[in-house]
Structure formats: C-alpha cells, structure tokens
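> here is my input, please return the structure:
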Amino acid sequence: MSEKLGLFLGENKPTVECVWGFYERGSLFNTQINLDETVRVNENFYVGKQWEGVNANGLPTPQFNIMKRVANFTVATITSDNLKINATPMENTPGTSKLIEPVRIVNEEFESLTEANDIPSLNREFCRNAAVDGDGCTYTYWDADVDVGSGVKGAIKTEILPNTRVFFGNPNDRNVQTQPYIQIASREIVRNAKLKAKANGVQGWEQIKPDSEESVSTDSVKLTDDKVTVLLTLWKDDETGEIWGYESTQNCEIRKPWSLGIRLYPITWLSWDYIQDCYHGQAMITGLIPNQIFINKAWAMSMLSIMRTAWPKIIYDKTRVSRWDNRVGSAIGVNGGVDTVARVIDPASISPQISQFIQLAVEQTEQSLGATSVALGDTRPDNTSAIIALQRAAATPSEMTKQNLYRAVEDLFRIYLEFMAQYYGKRVVDIETPQELDPVYQFAGQAAPETVQTEFDFSVLKDFPMMLKLDVGASSYYSEIAAVQTLDNLRMAGQIDVIQYLERIPESYIPRRRALINELKRQQAMAPMMPPEGAPPQMGEDGGTVIPGQKPEVTAGRGYGSLQHQINKAGSAEGLI
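Purely as a prediction, here's the structure:
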C-alpha cells in the first residue's frame, strides 16, 4: 500500500504514537463542540443538581425537576414494548429450504443472547443516555472465559459506553460501519494494565505510567494517581474487510494488533436528535435546561418574597411599650403615633399571574415533548376513546426515535450473528426429532422424544452472510393474542389442519407442543392412506365400493367376490372376517 494512502501514517500497523495522535484529534473535536461540559451539565440537571456552581446570595434554591419526569416518560414510552428479533431467509435466496433448520437455531440463540445480556434493560439505559447525553452506544465483545456448560467456554457480551469515551475516525459522519477507525477510551488501574500487557507478551510493560496533569483527559476531576488511559483502536482491513483491534496507552502497548474475525464494527450508535456533519447528536435535556432554570428562579424569588412579606407586621409605640417581638413577622418599634399603642400592617400580596405563568411554563415544556397531562395520567378518564386517542397522539413525537432504536437493535443482532459465525464453532443444539428416527425408537420399544441433540457448526453462517434478514418489532401480549385468533379462524374454516395449527402457535400456549406434534405425525404415518377429498370411490373387482382401512364385506351371489380373491391370496380367511 502506498504510504500516502496508508491509514497509520505510512505504517502497515498502528503504533503507540499514531494511536495517541488519533485520540488527541478526537478529544480536540469534542472540546470544540463543548461535548464534555454539555454532558456534565445535562447529567447534573437530570439527577437534580440544578443549582451547582450558582452563587445564590441568600436566595432559596428550590428545584422542581420536570426534566427527569419528562425524560423518563419518553424513554419508557420508546422502550415499553418487548422487542422480538426474528431471522428469516431472503425470499430470493436459492435453496431456502435448506436454511430452515439453521435459521431456527439462530433464532433460538438470539433468544438466549437476549436473556443472557438482558437486552430490555440495556435498551432502557441505551435510550436514557441518548436522551440525557445526546448519544447512546453499545460495545460487544467475545468473553472467552465464560463457561456456558457442556465443557464449552466463550460467550458474547454487550455493555453500554458513554459517548464521551467513543471517538469516530470521521467525526462528520454518524454511520458506524463507514468509519476508517473507531477508538474507545477507558480508565484502568495501572497495575491491571501492566498485568494485561505482561500476559500478552509485550516488551517494556514497565513503562506504563499513570496519567499526568498534562493528559488530554478533560475530566480532570476524576484524575487519580493510579489510573491510566487505555485506548482500544478498531479499524477495518482494506483487503479482507475484517475488523482488527489494537490496545495501547500513551507510551506503551497493551496488546499487539489482532483480527477479531468479524466484518462489522462491534458498536451500535443512537443519536437522540441528529446534527448535520457531526456524529454526536443533540440531547433532549439540552433544550430543556433554560426552561428548568426559569422555573427554578421564579419559584426561588416567589419563596423569598413570601418569607419576607407574606406575614403581617406589628408597628408599636416604643415610648409606651418598651419591647414587643413575637417573631414570624417581627414587630417594628417607632417613636410615637401608631394610633395610641400598636397597629397591624397587612402583608403584601403576590400577583396570581406569577404562579399561573410558572404552571404554564411547566405545561408547555411537557406538552412540547409529548408528555401531556393525558399521557402522564394526570387526567380523569371520563371518555375512554378520547384518552386512548390522546395517548397515541402523545407517543407520535417519539416515533422517529423508536424507529432509530429498532434499527440500532437490528444492527446489534447482526453483530451477534458475526460473532456466532466466527467464535461459536461446533456446539450441541436441540432439534426436533426427525421422523426418520421414529422406526428406530419403535423398534427399541421407546417413545420418541420431543427433541434430540446434535452438533451444529455455526461457521456455516459465513457462507450466506447476506441471506438472512432480521425483523425487529414489538412483541406484546396483544400481538400474540391476535396471531392465535387468526390461527383459530383458519382452523375453524378448515384452511389448515391440526399439525399446521400447532406448528405455528406460540410455544407458551400449549405445554409440550413439540411432543404433541410428533405424536400426531406418527399417528398419521401409521394410519392407512385415505383417498383425497373429492376423489371418486375405489371400486372392487365385483363392482362394490372398497373403503381403505375396512375389511371387505361378504357379498352374496354367484362368482368370486373381493373377499374370495383375498382368501385365495392369503390362503386363509383368518383376520379377514
């Protein structure tokens, strides 16, 4: 490769200096768009630290955190549906019938990964980070030390990363898979970094040192004497298309370059609101901060006014009463007058427009984000149809973000598919008992089990990487009921038989569904063949009707009948009458 076209400044592989230069470039970009300060302020306002760094000068510091309520409501609306990931072969793929069993195994593995990585919980945190910080990010890796049973080790793991620790090689492009490289920064204990470098056979691991004050790390508050910034650099090989990795610090390697064996960056990215020419998005919290500050200040000044003027004050003549102080409003002494001895001054009244304007600011802020009083459950459901319609309308503003979440989840499971094809190898899986094995179990005098174990080579998934499409959508209780009702209608109309019905009904509706299907299939195989519906009746040699599965009737009359012919063939009438 020409040096002018090389990714790593003319080198075939990355160096410590080159990687650290990439990190400084990415940190400079984040500083220019004020990312770290924006994230810090947004996090403070979200958790309730809304007066941090403000010199109140005796002013009360109340906070009415509408931001957290609105953000949590929006995130809960987007992630309320359980997501169902379904892999299906492409319709235009030749030989799709051969992919039925591999696709079924892949779908079962998807369900297992969803449970093992707690994908619903990750999605909530994923969207929460996007709403508060601007971007959500997941990172997937292969953990070779996890014991998955049956003597097999290795599992796919996914974790959430903050957007301040992820640096794109092209910060003007938000598309993950088109990046020349991606960096992930982490703060690790120096001792652990040295142990890892030594275990990987890196020379000069003793040179790893803690970060100094000259470090480009913007979060200087969290700088400690025993932490070092570790960079994981991922890039795509131009010739093979595989993803490679390299781990290093500012002055030493942690792990030499290695191939991950996959063809997709193991990162998914979700921006709450896109910004042109920038891979970082706009957080929902950012636009609410001015509103929240106004509401807090209006309440603070109202409270101060109430504390100073809301209680009546007493004015008394000091020449007649030497001392008078009942606190609360506190008495004021004057020389002479005050209508003989004392007088009460009525408190000043606060304009009701202040509280009305504060309430209006809260309502307008919530409604602008779709968090109306109906959606938040603050109204009485006098009209059910109107409530449902308004709730659906309230969810409309977040529909685009929900669709972006679906796309990110689909990207995540495509990454899972890449890891499965590369690292799973041959693993024992359960498949439905083939009908070809039924005679074997019958000969052994045993009932055929629902499933049998067999070895499946997951590397075959590499042979048809583009032959699978992933469908992501909501899988709720009501959608399952609709599917079952449709199957019931088809069964009642006679369009499908019992086996077709059972093969399509959800697994949880009928206990031991597979065993029931296998039993019915065996009964069909053992039963005599019935003529197809609408076929003409079979005629015997004597002109009579022959019904399969029934013994021939004894007919009277001259000549040979069907019974006589069968007796001649069998040599005996035993079992025929």
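
> for the rest of this, base every contact and every neighbour count on C-alpha atoms.
Fine.

> what is the mean pLDDT for stretch 63-72?
In this model, stretch 63-72 has a mean pLDDT of 84.

> my bad, stretch 199-219
76.

> can you pull out the low-pLDDT segments for the stretch 351-500 of the chain?
For the stretch 351-500 of the chain, the stretches with pLDDT under 70 are 368-397, 432-438, 440-441, 443, 445, 447-448, 450, 465-480.

> once you drop chain neighbours, what's closest to D145?
Counting by Cα to Cα, 6 or more residues apart in numbering, D145 lies nearest to G154, which is 5.7 Å off, once chain neighbours are set aside.

> how about E125?
I160 (7.6 Å).

> rewinding a little: quick one: residues contacting the residue nearest to D145.
W142, D143, A144, D145, V146, D147, V148, Y423, Y424 (Cα atoms under 8 Å, 6 or more residues apart in numbering).

> check what pLDDT the fifth one gets.
Looking back up the chat, that one is V146. 86.

> start the count at 29, not 1, going forward
Got it, the first residue is 29 from now on, which makes the last one we talked about V174.

> just confirm it is within a strand.
Yes - using DSSP: H, G, I helix; E, B strand; the rest coil, the assignment for V174 is a strand.

> that one is in contact with K185, isn't it?
No - counting by Cα atoms under 8 Å, V174 does not reach K185; the two are 9.7 Å apart.

> show me which helix runs longest in this structure.
For the chain, the helix that runs over the most residues, judged by DSSP state H, is helix 312-337.

> so for it, what gets flagged as buried?
312-314, 316-317, 320-321, 323-328, 330-332 (16 or more other Cα atoms under 10 Å).

> also stretch 479-492?
F484, F486, S487, L489.

> name the nearest of the residues you listed relative to N198.
Set against N198, the nearest of these by Cα to Cα is L489 (30.9 Å).

> give me the three-state assignment for the closest one.
helix.

> got the contact list for it?
Contacts of L489 (Cα under 8 Å, 6+ apart): L445, A449.

> hmm, 10 Å instead?
Shown in contact with L489 (Cα atoms under 10 Å, 6 or more residues apart in numbering): L127, P130, V131, V134, L445, E446, M448, A449, Q450, M495, L496.

> could I get these as JSON lines with neighbour count?
Shown next, in JSON lines, are the contacts of L489 (neighbours: other Cα atoms under 10 Å):
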{"residue": "L127", "neighbour count": "19"}
{"residue": "P130", "neighbour count": "17"}
{"residue": "V131", "neighbour count": "18"}
{"residue": "V134", "neighbour count": "20"}
{"residue": "L445", "neighbour count": "21"}
{"residue": "E446", "neighbour count": "22"}
{"residue": "M448", "neighbour count": "22"}
{"residue": "A449", "neighbour count": "20"}
{"residue": "Q450", "neighbour count": "18"}
{"residue": "M495", "neighbour count": "18"}
{"residue": "L496", "neighbour count": "19"}
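
> next, give me the two most distant ones among those residues.
Most distant of these, by Cα to Cα, are L127 and Q450, 18.4 Å apart.

> what's the helix or strand L223 falls within in contact with?
Using DSSP states H and E, L223 falls within helix 218-227. With Cα under 10 Å, 6+ apart as the test, helix 218-227 has contacts from 215, 228, 230-239, 253-258, 275-277, 280-284.

> now with 6 Å, please.
W233, D254, K255, V256, I282 (Cα atoms under 6 Å, 6 or more residues apart in numbering).

> I'd like the next helix or strand past it.
Criterion used, DSSP H and E; the element after helix 218-227 is strand 255-264.

> filter the contacts of helix 218-227 to the buried ones?
Members of the contacts of helix 218-227 classed as buried by 16+ other Cα under 10 Å are W233, K255, V256, I282.

> of the residues you listed, which is the nearest to Q60?
V256 (23.9 Å).

> how about that closest one: what's its closest non-neighbour residue?
Using Cα to Cα, 6+ apart, the closest residue to V256 is P238 (4.6 Å).

> wait, that neighbour touches K255, no?
Yes - using Cα atoms under 6 Å, P238 makes contact with K255 at a distance of 5.2 Å.

> and for G177, the neighbour number?
G177 has 8 neighbouring residues, counting by other Cα atoms under 10 Å.

> go on, the one 4 residues further on?
With neighbours defined by other Cα under 10 Å, the count for K181 comes to 13.

> let me know the secondary structure of it.
Per three-state DSSP, K181 ends up strand.

> on that earlier part again, how about TSV for the contacts of L489, with distance to G164 added?
TSV is the format used below for the contacts of L489 (distance: Cα to Cα, whole Å):
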residue	distance to G164
L127	34
P130	32
V131	30
V134	27
L445	21
E446	22
M448	24
A449	26
Q450	26
M495	29
L496	26
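
> including secondary structure, could the residues you listed go into JSON lines?
Below are the contacts of L489 laid out as JSON lines (three-state DSSP):
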{"residue": "L127", "secondary structure": "helix"}
{"residue": "P130", "secondary structure": "helix"}
{"residue": "V131", "secondary structure": "helix"}
{"residue": "V134", "secondary structure": "helix"}
{"residue": "L445", "secondary structure": "helix"}
{"residue": "E446", "secondary structure": "helix"}
{"residue": "M448", "secondary structure": "helix"}
{"residue": "A449", "secondary structure": "helix"}
{"residue": "Q450", "secondary structure": "helix"}
{"residue": "M495", "secondary structure": "coil"}
{"residue": "L496", "secondary structure": "strand"}
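
> quote the end-to-end distance of stretch 139-154.
End-to-end span of stretch 139-154 (Cα to Cα, to the nearest Å): 19 Å.

> next helix or strand past the helix or strand harbouring T59?
Here T59 sits within helix 44-60, counting by DSSP H and E. Per DSSP H and E, the first helix or strand lying C-terminal to helix 44-60 is helix 63-75.

> now that following helix: average pLDDT?
On average, helix 63-75 scores 92.

> need the next SSE after that helix, C-terminal direction.
In N-to-C order, the element after helix 63-75 by DSSP H and E is helix 94-106.

> and that following helix with helix 312-337, angle?
In terms of direction (axes from the mean of the first three to the mean of the last three Cα atoms, to 10 degrees), helix 94-106 departs from helix 312-337 by 150 degrees.

> and helix 94-106, which residues are buried?
In helix 94-106, counting by 16+ other Cα under 10 Å, buried: I94, M95, K96, V98, A99, N100, F101, T102, V103, T105, I106.

> measure I133 to E267 for me?
32 Å.

> which neighbours does the helix or strand that the residue nearest to E153 is a member of have in its sheet, and in what orientation?
Applying DSSP H and E as the criterion places I188 in strand 180-189. Strand 180-189 has these partner strands in its sheet, going by DSSP bridges: strand 163-177 (antiparallel).

> so which bits of the strand it pairs with are buried?
D163, G164, C165, T166, Y167, T168, Y169, W170.

> how about the helices in the stretch 279-428 of the chain?
Ranges of helices in the stretch 279-428 of the chain, per DSSP state H, counting those that start in this stretch, are 312-337, 380-396, 412-423, 427-447.

> leaving out chain neighbours, which residue sits closest to V512?
That would be I533: by Cα to Cα, 6+ apart, it lies 6.4 Å from V512.

> please consider this matter closed, and thank you.
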